[in-house]
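Chemist: after the sequence you'll find the predicted model.
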Amino acid sequence: MPIFHAIVLGVTQGLTEFLPVSSSGHLGIIPWLFQWNHFDGDTRMENTFDVALHLGTLIGSVACLWGDVRTYSRAGLSAVVGRAPWNEEAKFGWFLILSAVPAAIVAASFESFFLTQSNRIGLIASGLAVFGVLLWAVDRGFKTKANIKDLTMSRAALLGCGQCLALLPGVSRSGVSITIARSLGYDRSDSARIAFLMGLPIIGGAALYRLIGVISDGLPSGMWSVLAAGTISSAVTGWFAVHVMLRWVRSHSYAGFAAYRVCLALALAIVLIAR
């Protein structure tokens, strides 16, 4: 894989993992659109590069959200060992982790199925359009009535189940989480923050799961520069996406992202027909 292609895919992963536009969808669209065939069926190389992108995204997002990560992890750990009470921050931290369980179970149980869906452009276009319209409708129609620390077990479970839908390309993990959070009454800023924090266990778990396979199979030779380029570019753009998104939604709606999704879906449909 050329270094430039690794950087393009790293930038794509870093930006679209947190913008509600589907990272898996974009990572499927770009190679299809430009007819890149880097792995040629070599799952070992593909998994290794996937680990690098997820690791970079995790580093960038944790760096940007470090204040929240430190606060909730410290409160949660202190409560578990009995050094502090189970306050709102401790419960919130553990609810974030538990919200990853449904998607982790579904992903592990149906891994082979989801892997075969990643290159289905028609499915990606459908997911972009349907969940883009849903994001717009919910964001426009629901009023704010909840605080970020009002997260309960039932709400975390609902958000966690929603993340199962994001295993399909085109849906967007952050997008569906934001949509559900908005429907629960969280404002736009809190919805984004909850979605991003809930994404950390998912991203970290996915990277760890794939890393175990990479270690057992061995690192493919000649990939160090490509892996470094993908990791660094996804880390930098991941940090940038979280930072900009949290500032953007303080004074803007999600309508622009919804419109982008629908327009991209239409463009993909036209290209599919033309080809």
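Modeler: Received, thanks.

Chemist: please count neighbours and contacts with C-alpha atoms only from this point.
Modeler: OK.

Chemist: what about this structure, any weak spots by pLDDT?
Modeler: Residues of the chain meeting the criterion pLDDT under 70: 39-44, 115, 117-119, 213-214, 217-222.

Chemist: which parts of the stretch 151-275 of the chain are helices?
Modeler: Remark: helices assigned in the stretch 151-275 of the chain by DSSP state H, counting those that start in this stretch are 153-165, 173-183, 188-217, 224-248, 255-274.

Chemist: quick check: angle from the third one to helix 173-183?
Modeler: Interaxial angle of helix 188-217 relative to helix 173-183 (axes from the mean of the first three to the mean of the last three Cα atoms, to 10 degrees): 150 degrees.

Chemist: which elements pack onto helix 188-217?
Modeler: helix 43-64, helix 88-98, helix 101-109, helix 173-183, helix 224-248 (3 or more Cα pairs under 8 Å, 6 or more residues apart in numbering; DSSP states H and E).

Chemist: go through it and flag the buried ones.
Modeler: By 16 or more other Cα atoms under 10 Å, the buried positions in helix 188-217 come out as 188-207, 210-211, 214.

Chemist: the first one too?
Modeler: Of the residues in helix 153-165, those scored as buried under the neighbour-count criterion (16+ other Cα under 10 Å) are 153, 155-165.

Chemist: what's the closest of the helices and strands packed on helix 188-217 to residue 75?
Modeler: With Cα to Cα as the criterion, residue 75 lies closest to helix 88-98 of those, at 4.5 Å.

Chemist: residue 11 is nearest to which of the helices of the stretch 151-275 of the chain?
Modeler: helix 224-248 (5.1 Å).

Chemist: what is the closest one packed up against?
Modeler: Going by 3+ Cα pairs under 8 Å, 6+ apart, helix 224-248 lies up against helix 3-16, helix 43-64, helix 188-217.

Chemist: export the next helix or strand after the shortest one as PDB, just CAs?
Modeler: It stands for helix 3-16. As assigned by DSSP states H and E, the chain's next helix or strand after helix 3-16 is helix 23-34. Taking C-alpha atoms only, helix 23-34 is exported to PDB below (Å, rounded to 0.1, in the frame of the first residue of the first chain):
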ATOM      1  CA  SER A  23     -16.400   5.500   9.200                       C
ATOM      2  CA  SER A  24     -17.000   2.000   8.000                       C
ATOM      3  CA  GLY A  25     -19.100   3.400   5.100                       C
ATOM      4  CA  HIS A  26     -16.400   5.800   4.000                       C
ATOM      5  CA  LEU A  27     -13.600   3.200   4.400                       C
ATOM      6  CA  GLY A  28     -15.600   1.100   2.000                       C
ATOM      7  CA  ILE A  29     -16.500   3.900  -0.400                       C
ATOM      8  CA  ILE A  30     -13.000   5.300  -1.000                       C
ATOM      9  CA  PRO A  31     -11.200   2.100  -2.100                       C
ATOM     10  CA  TRP A  32     -14.300   1.200  -4.200                       C
ATOM     11  CA  LEU A  33     -14.500   4.600  -5.800                       C
ATOM     12  CA  PHE A  34     -10.800   4.800  -6.700                       C
END
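
Chemist: so how far is helix 23-34 from its chain's centroid?
Modeler: With Cα atoms, centre = their mean, to the nearest Å as the basis, helix 23-34 stands 15 Å off its chain's centre.

Chemist: ok, stretch 25-43 next?
Modeler: Counting by Cα atoms, centre = their mean, stretch 25-43 comes out at 19 Å from the chain centroid.

Chemist: what residues sit buried inside that stretch?
Modeler: For stretch 25-43, the neighbour count (16+ other Cα under 10 Å) marks 25-29 as buried.

Chemist: hmm, back to that, any chance of the helices and strands packed on helix 188-217 in TSV with distance to residue 78 as columns?
Modeler: Shown next, in TSV, are the helices and strands packed on helix 188-217 (distance: least, Cα to Cα, whole Å):
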stretch	distance to residue 78
helix 43-64	20
helix 88-98	8
helix 101-109	22
helix 173-183	27
helix 224-248	27
